[in-house]
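Q: I would like the atomic coordinates for the input below:
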Amino acid sequence: MSANSPGDLNAEFQQILAHYQQSVAAQLQTAKNTLKTVILPALLTSGVANVEAAYSGYGDSGAIDGVQYRDKAGMRVEREKIAAALTEKLENVLYEFLPAGFEINDGGQGTLTLDVQTGRLTLQHQENETVSNDSTREWEV
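A: Numbers count the residues shown, from 1 in each chain. So this is what the prediction gives:
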């Protein structure tokens with residue numbers, strides 16, 4: 001039985017990491033293409049100019065909490081006016097843009113805002129963190 005040298009393990013790790021990063025980049029590109037070619041045109045046809053998706057997570061669980069649609073005047077577009085299949089496809093695609101690990105430990109939350117006219121998607125994210133401040137006091141009596 002032959003053992004791998006540290007150099008072999010490092011090279012193997014680098015190869016696995018590169019493959020993972022390529023996979024993530026490909027998924028993101030697929031999501032962008034779906035937004036551009038399928039979702040944005042359908043939203044425009046439905047009179048939607050802006051989409052805002054709020055998300056949150058902690059303790060290894062997270063989700064998109066809600067999606068709001070607005071027209072050019074900033075007025076709310078009722079969800080019933082948008083095809084259910086389009087809403088589902090949009091939410092599935094938006095997950096690809098959420099920060100990795102937003103649901104881990106103390107979690108995080110934020111919003112994804114999609115400008116349907118320009119195709120610009122903006123992520124505003126807050127990460128939660130528990131901080132401990134230790135102190136010691138001592139008295140002589």
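Q: any idea which residue sits dead centre in the chain?
A: What sits nearest the mean C-alpha location of the chain, by Cα atoms, centre = their mean, is Leu98, with 0.7 Å.
Q: Disregarding residues adjacent in the polypeptide, which is nearest to that residue?
A: Excluding the flanking residues, the one nearest Leu98 by Cβ to Cβ, 6 or more residues apart in numbering is Tyr55, at 5.9 Å. To be clear about C-beta, it is placed using only N, CA and C from the backbone, and glycine gets the same treatment.
Q: Run a quick check on the one you found versus Gly110, I expect a contact.
A: Yes: in this structure Tyr55 lies within contact range of Gly110 using Cβ atoms under 8 Å: 6.2 Å.
Q: biggest helix in this protein, by residue count?
A: Identified as the longest helix of the chain according to DSSP state H is helix 6-34.
Q: name the helices or strands packed onto it?
A: Helices and strands touching helix 6-34, as assessed by 3 or more Cβ pairs under 8 Å, 6 or more residues apart in numbering; DSSP states H and E, comprise helix 84-94.
Q: Tell me which other helices or strands the helix it packs on touches.
A: For helix 84-94, the packing partners by 3+ Cβ pairs under 8 Å, 6+ apart come out as helix 6-34, helix 40-45, strand 50-58, strand 61-70.
Q: Can you tell me which of these is packed in deepest?
A: Looking across the helices and strands packed on helix 84-94 with neighbours counted as mean count of other Cβ atoms under 10 Å, the highest average goes to strand 50-58: a mean of 19.
Q: what's the angle from that one to helix 84-94?
A: Calculated by axes from the mean of the first three to the mean of the last three Cα atoms, to 10 degrees, strand 50-58 forms an angle of 60 degrees with helix 84-94.
Q: which outside residues touch strand 50-58?
A: For strand 50-58, contacts defined as Cβ atoms under 8 Å, 6 or more residues apart in numbering pick out 43, 62-70, 74, 90-91, 94, 98, 102-116, 128.
Q: Now list whatever residues contact both of Tyr55 and Gly110.
A: The contact sets of Tyr55 and Gly110 overlap at Phe102 (Cβ under 8 Å, 6+ apart).
Q: Lowest mean pLDDT among the helices and strands, pick that one out for the protein.
A: For the chain, scoring each helix and strand by mean pLDDT, DSSP states H and E identifies helix 6-34 as the least confident one, at a mean of 89.
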